[in-house]
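Trainee: this one's sequence-less:
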């Protein structure tokens, strides 16, 4: 499976699928990969995204207003996979659209589309028996969230059941931009590493090259979500791929400078 | 319904599960807090001092036990079953919600939390929470959809007077569902310092169980009172169901008494189409919303449907998971009454008994009015009058052209 972080730090780029259109998301994803994204997270828009801040809420509303459906997101994944086989591809969703689609059908079709893994925001390890069984049946990697509030026994379960990477939430809270990283993130990544050799990606609030450089000191990858989604919101569909690519390259330039 | 395959193996014995329903589907950040809450609640439940303090407040502060009142004129007007009203509307703050707010408020204080957040639809839970926070000296923030703030203005002002901060929610349908999402966002962010005082038998475990337990006193008293007055159990207990807290409180002690019909009344709104009502058992499909697996009004893509009801407290796309289990097992029946039925029931009860019911509770009254005439004179109907209608005067003035 191509979830690999060859650069340090790796970059996971989140996009709300269908915002502003499926075609635009495709072009943005390809540009992001060309600019150095290791993994693309395709967000399935949901009507009630309770783990998301205003930026991703707005993007979800726009995507839904355009009629974006889970089947469309899987088709988008298939196109991205066909055009850029080297990048990792994750479906990022709330549970209900997946349940309504049918978990088995979703797993089959996601795998057929070439998706590598799935992250369900409101799925916790204790409830995940059937979910894990289905993902494992088709060879999709389950990615679970780990939180600063998770005690060690939960981190152990999360690390054990995750594949591809473990997604460490940088702080208590919802998705969105922030000024500076808290000390929560480094402490959490250190605790996760006691239980697994998997790469650890840090997300929520990672907004600029400084943050990425900080994450690079203790984790394998940074997840950039709201900042990218906001950049897409502020760009025309034609300009968005270029703007996102420039932004991603900027994150890496800073890193290169630090490495020197 | 073939799409529903979670959980794989339903287990009654697993805490937080009601048949296949319930569970915990939340962002990981909340899990430690939910586990802590579960343990603290279990400890409090077993602690005689906690129970004594709660009971003293329920008695002296809230006004329990509430009367079971024989509605003689309503009964005579309708002909048929004897109708009793469980007068939760007489409680302090005007609805059953205070039972749970006191219980959880004491629990929050016991856990050392100084900041309380809550969601509210009709504002009754918000008022109850603001009241308990004033009583216990706790900071209080209440999330309320902007549509609900508009139609339940009186309760907004009451909450502010009590010292609570009311935060309007402008996302989605701007009603209860969106208020819960916003409260959960606050809780995820401030989980280390904040207690989420959820007001219905909804959400992730342990909330549905805990909220039900704090409202069990309703059916416990009902049972004692009806046995005392009539020497037998009622033929049916009728309650309105939004999230389902007053209904589960009114049903719970009667669940083993198979001869007692349990009738939940959902909001039929203004039509049968998706978006026009909040009757989850008439068009809802099992799914996950806001932490729990239950019936959910949703479209074919699993997007949550908009809902409509004249009563803000019933205007919600999902239903407490224990009701989903009672529905599937057939132990409880769920019907719906529409906006007009509820409005008519408000007028009828006001003019035959001098009791102004909340628009939510009026749905239960409407169902009693519908079925009582076809029942025998020795049948007994107990209606849980979950709240009073003073808060609805704005809507009533408009709808009834008063």
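Mentor: Good, I have the coordinates. On a predicted model such as this, the values are computed, not experimentally measured, just so you know.
Trainee: which stretches of the stretch 251-400 of chain B form strands?
Mentor: Along the stretch 251-400 of chain B, counting by DSSP state E, counting those that start in this stretch, strands occupy B:261-269, B:285-289, B:291-296, B:332-338, B:380-385.
Trainee: mind putting these into a markdown table with distance to chain A?
Mentor: Quick note: C-beta positions are derived from backbone N, CA and C, even for glycine. Listed next are these as a markdown table, based on distance: least, CB to the nearest CB, whole Å:
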| stretch | distance to chain A |
| --- | --- |
| strand B:261-269 | 19 |
| strand B:285-289 | 5 |
| strand B:291-296 | 7 |
| strand B:332-338 | 21 |
| strand B:380-385 | 29 |
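Trainee: just put those strands in JSON lines and tack on mean neighbour count, distance to residue A:243 and mean pLDDT.
Mentor: Listed next are the strands of the stretch 251-400 of chain B as JSON lines, based on neighbours: other CB atoms under 10 Å in any protein chain shown; distance: least, CB to CB, whole Å; pLDDT from 0 to 100:
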{"stretch": "strand B:261-269", "mean neighbour count": "26", "distance to residue A:243": "45", "mean pLDDT": "98"}
{"stretch": "strand B:285-289", "mean neighbour count": "24", "distance to residue A:243": "35", "mean pLDDT": "98"}
{"stretch": "strand B:291-296", "mean neighbour count": "28", "distance to residue A:243": "37", "mean pLDDT": "98"}
{"stretch": "strand B:332-338", "mean neighbour count": "22", "distance to residue A:243": "50", "mean pLDDT": "98"}
{"stretch": "strand B:380-385", "mean neighbour count": "29", "distance to residue A:243": "58", "mean pLDDT": "98"}
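Trainee: residue A:142 is nearest to which of those strands?
Mentor: Closest to residue A:142 of those is strand B:285-289 (CB to CB; 16.6 Å).
Trainee: for the closest one, packing partners?
Mentor: Counting contacts by 3 or more CB pairs under 8 Å, 6 or more residues apart in numbering or on different chains; DSSP states H and E, strand B:285-289 is packed against helix A:95-101, strand B:291-296.
Trainee: and the contacts of the last one?
Mentor: Contact with strand B:291-296 is made by A:96, A:122, B:6-7, B:20-26, B:184, B:202-205, B:207-208, B:280-281, B:284-289, B:304, B:317-321, B:323-324, B:327, as judged by CB atoms under 8 Å, 6 or more residues apart in numbering or on different chains.
Trainee: do that again at 7 Å, thanks
Mentor: B:6, B:21-26, B:202-204, B:208, B:280-281, B:284-287, B:289, B:304, B:317-321, B:324 (CB atoms under 7 Å, 6 or more residues apart in numbering or on different chains).
Trainee: and the first one, by the same measure?
Mentor: Under the contact criterion CB under 7 Å, 6+ apart, helix A:95-101 has outside partners A:44, A:46, A:70, A:106, A:120, A:122-123, B:3-4, B:6, B:25, B:287-289, B:298, B:301-302.
Trainee: report the buried members of these.
Mentor: In the contacts of helix A:95-101, burial by neighbour count holds for A:44, A:46, A:70, A:106, A:120, A:122-123, B:3, B:6, B:25, B:287-289, B:298, B:301-302, counting by 16 or more other CB atoms under 10 Å in any protein chain shown.
Trainee: spatially nearest residue to the residue of chain B found nearest chain A (excluding sequence neighbours)?
Mentor: As assessed by CB to the nearest CB, chain A sits closest to residue B:302 within chain B, at 3.1 Å. Excluding the flanking residues, the one nearest residue B:302 by CB to CB, 6 or more residues apart in numbering or on different chains is residue A:100, at 3.1 Å.
Trainee: so residue B:118 touches residue B:126, yeah?
Mentor: Yes. With contact defined as CB atoms under 7 Å, residue B:118 reaches residue B:126; the gap is 6.0 Å.
Trainee: the more surrounded of those two?
Mentor: residue B:126 (34 against 30; other CB atoms under 10 Å in any protein chain shown).
Trainee: return the distance of that one relative to residue B:48.
Mentor: Residue B:126 sits 31 Å away from residue B:48, going by CB to CB, to the nearest Å.
Trainee: now residue A:111
Mentor: 56 Å.
Trainee: closest to the centroid, which residue in the chain?
Mentor: All of this refers to chain A. residue A:41 (3.7 Å; CA atoms, centre = their mean).
Trainee: that's the other chain; I wanted chain B
Mentor: Closest-to-mean residue, chain B, CA atoms, centre = their mean: residue B:245 / 3.1 Å.
Trainee: for residue B:246, which non-adjacent residue is spatially closest?
Mentor: residue B:386 (3.8 Å).
Trainee: show me the common contact partners of residue B:118 and residue B:126, please.
Mentor: Contacts common to residue B:118 and residue B:126, judged by CB under 7 Å, 6+ apart, are residue B:142.
Trainee: low-confidence bits of the stretch 1-150 of chain B, can you list those?
Mentor: For the stretch 1-150 of chain B, the stretches with pLDDT under 70 are B:1-13.
Trainee: tell me where it has helices.
Mentor: B:31-45, B:48-57, B:72-78, B:97-110, B:124-136, B:146-151 (DSSP state H, counting those that start in this stretch).
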